[in-house]
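Asker: Generate coordinates for the sequence data below:
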Amino acid sequence: VICISENTRNDLMEILSIPETKISVVYLGCSLRDDDNGEKNELSVFVKPYILFVGSRIGYKNFNRLLHAYASSRNLMEKFDLVCFGEESISEQEMDLMSTFGILKENVKLLHGDDRKLTLLYKSATLFVYPSLYEGFGIPLIEAMSLGCPVACANAGSIPEIADDAAEYFDP
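Answerer: Residues are numbered from 1 along each chain as shown. The predicted structure follows:
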């Protein structure tokens with residue numbers, strides 16, 4: 001059995017009682033490449049620096065808690081936008097939550113696109129934040145780190161195993 005992290009291996013042994021001798025760990029990689037050929041960065045249209053969130057915003061990804069943390073600092077909201085990269089539109093529940101927290105709609109931007117755009121987002125972000133409550137691996141972590149984007153992430157699941165000492169951690 002091949003697992004994508006030691007954390008996943010440990011879960012497999014605990015939950016399904018698979019013997020350790022039958023399990024190998026093979027870490028994932030990422031396909032994003034920094035092909036900067038000096039062309040003008042199309043993201044220079046952003047007025048403020050931004051904090052980047054990548055991926056789905058469902059339950060365990062802990063996006064609602066990120067909104068709460070963002071809103072808890074007036075200084076943070078004034079100086080940084082929150083940019084979300086992913087296919088899902090901002091839900092009505094997320095809009096209500098932003099309103100409740102006093103986050104202006106123009107402070108949260110939703111973008112989607114291809115790997116080139118995602119690469120530019122990582123390269124231009126002030127910070128990539130990964131508040132997930134549990135991950136078996138966490139490809140966005142290695143994408144951000146491979147492109148030199150500073151990372152702040154949860155100390156949960158396999159995240160500390162993957163990011164090691166290349167990130168700042170918080171309790172999700």
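
Asker: List the residues that contact Tyr60.
Answerer: Ser132, Leu133, Tyr134 (C-beta atoms under 8 Å, 6 or more residues apart in numbering). The C-beta positions use only the backbone N, C-alpha and C, and glycine is treated the same way.

Asker: Would you mind listing the buried residues in stretch 99-115?
Answerer: By neighbour count on 16 or more other C-beta atoms under 10 Å, the buried set for stretch 99-115 is Ile103, Asn107, Val108, Leu110.

Asker: ok, and what's touching stretch 21-30?
Answerer: The contact list for stretch 21-30 (C-beta under 8 Å, 6+ apart) reads 1-6, 8-9, 12-13, 137, 139, 142-143, 146, 162.

Asker: Also stretch 101-119?
Answerer: With C-beta under 8 Å, 6+ apart as the contact definition, stretch 101-119 has outside contacts at 31-35, 42, 46, 50, 54, 67-68, 70-71, 77, 81-87, 89-90, 95, 98, 121, 143, 147.

Asker: Those residues in helices, which ones?
Answerer: Those of the contacts of stretch 101-119 mapping onto helices are Leu67, His68, Tyr70, Ala71, Met77, Met95, Met98, Leu121, Glu143, per DSSP state H.

Asker: now, the most widely separated pair of the residues you listed?
Answerer: Met95 and Glu143 (27.5 Å; C-beta to C-beta).

Asker: Quick one: mean pLDDT for stretch 92-109?
Answerer: pLDDT averaged over stretch 92-109 equals 95, rounded to a whole number.

Asker: next structured bit after whichever helix or strand Glu14 is part of?
Answerer: Assessed by DSSP states H and E, Glu14 sits inside helix 6-16. Next in sequence after helix 6-16, counting helices and strands by DSSP H and E, comes strand 24-25.

Asker: next one: that next one to chain centre, how far?
Answerer: Relative to its chain's centre, strand 24-25 lies at 25 Å (C-alpha atoms, centre = their mean, to the nearest Å).
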